[in-house]
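Visitor: Sequence below, structure please.
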Amino acid sequence: MKRIISTTSLLILALFAISLNASAQKSKKDKKSKTITETPAAVQILTRQDSISYMIGRDIGRNMKTNGIEVSADIMFNGLKDGLNAIDTVMTDEVTDALMMSLQMEMMAKQQQKSEVSNSEAKQAGAAFLAANKTKAGVIETPSGLQYRVITEGVGENPKPEDVVEVHYTGKLIDGTVFDSSVERGESIKFPLNGVIAGWTEGVQLMKPGAKYEFVIPSELAYGERGAGPIPGGSVLIFEVELISIEKE
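Guide: Next up is the predicted model:
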């Protein structure tokens with residue numbers, strides 16, 4: 001039967017594959033069974049190989065804990081040794097495929113539940129933030145729900161969606177965490193205005209070259225429930241944007 005390779009199984013198999021040689025070296029030095037509750041103080045780190053072995057084992061454990069995978073340490077290391085020594089497995093490919101699929105489904109369900117809870121909390125916090133921010137002096141809310149405040153007004157023409165704009169910006173979550181900043185990188189960025197999130201496309205059209213605005217963007221005008229990189233799903237985003245120039249198309 002063809003092996004079933006999923007995102008989850010690739011993660012687990014990659015972690016196991018990386019640890020094979022390191023785990024074998026460690027097992028030669030200590031034949032006693034190890035448990036996942038053993039503390040680093042019980043481990044003797046004498047060589048660079050020991051350090052690598054411990055590091056990989058620790059990272060595998062952390063990944064399993066993060067992903068909610070419960071294992072028996074003794075049996076897991078037996079499996080590692082069997083794979084290293086090319087010993088016929090006690091589990092057939094068919095059984096392994098079915099088990100891996102079941103594990104994948106369990107992990108997906110847990111992740112979905114976790115995401116739903118996180119998104120719900122982010123939406124509630126975002127709604128409260130938007131409601132409070134709307135009452136601040138100088139804040140304007142558009143029909144779409146986008147909120148903005150003029151820091152410095154510019155001069156000239158407003159960009160259109162098909163124009164390329166050059167900007168400096170800093171993006172933050174509502175707790176103040178900076179997730180991206182061209183200012184910190186010291187390099188402005190150019191992009192087609194219709195190629196970014198809806199909140200940017202709408203907001204930057206209100207600006208003129210030289211202007212600096214603060215935008216508070218509801219999640220539905222940003223990355224929605226899916227989030228993006230360091231941005232959790234359901235997040236309201238705060239951007240301080242300076243429009244440097246417009247390239248008309």
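
Visitor: can we go C-alpha only for contacts and neighbour counts from here?
Guide: Fine.

Visitor: tell me what the longest helix along the chain is packed against?
Guide: For the chain, the longest helix by residue count, based on DSSP state H, is helix 93-133. In terms of contacts (3 or more CA pairs under 8 Å, 6 or more residues apart in numbering; DSSP states H and E), helix 93-133 is packed against helix 7-29.

Visitor: tell me the mean pLDDT over the longest helix of the chain?
Guide: The pLDDT scores in helix 93-133 average 86.

Visitor: can you map out the strands along this structure?
Guide: 139-141, 147-152, 164-173, 178-181, 189-192, 212-217, 237-247 (DSSP state E).

Visitor: If you count neighbours, what's buried in the shortest one?
Guide: Burial within strand 139-141, assessed by neighbour count using 16 or more other CA atoms under 10 Å, is assigned to 140-141.

Visitor: Direction included, what does it pair against?
Guide: Paired neighbours of strand 139-141 in the sheet (DSSP bridges): strand 147-152 (antiparallel).

Visitor: now swap in the longest one and tell me
Guide: Partner strands and pairing direction for strand 237-247 (DSSP bridges) are strand 164-173 (antiparallel), strand 212-217 (antiparallel).

Visitor: now stretch 201-214, how far from the centre of its chain.
Guide: Mean-position distance between stretch 201-214 and its chain equals 28 Å (CA atoms, centre = their mean, to the nearest Å).

Visitor: and the end-to-end length of that stretch?
Guide: The first residue of stretch 201-214 is 14 Å away from its last residue (CA to CA, to the nearest Å).

Visitor: ok, residues contacting it?
Guide: The contact list for stretch 201-214, computed with CA atoms under 8 Å, 6 or more residues apart in numbering, reads 146, 148-161, 193-195, 215, 238-246.

Visitor: Swap in 6 Å and give it another go.
Guide: For stretch 201-214, the surrounding residues in contact (CA atoms under 6 Å, 6 or more residues apart in numbering) are 148-159, 193-194, 239-245.

Visitor: How about that stretch, which residues are buried there?
Guide: Residues of stretch 201-214 classed as buried: 201-209, 211-214 (neighbour count, 16+ other CA under 10 Å).

Visitor: just to revisit the earlier point, out of the strands of the chain, nearest to residue 110?
Guide: Judged by CA to CA, the one of the strands of the chain that comes nearest to residue 110 is strand 164-173, at 25.1 Å.
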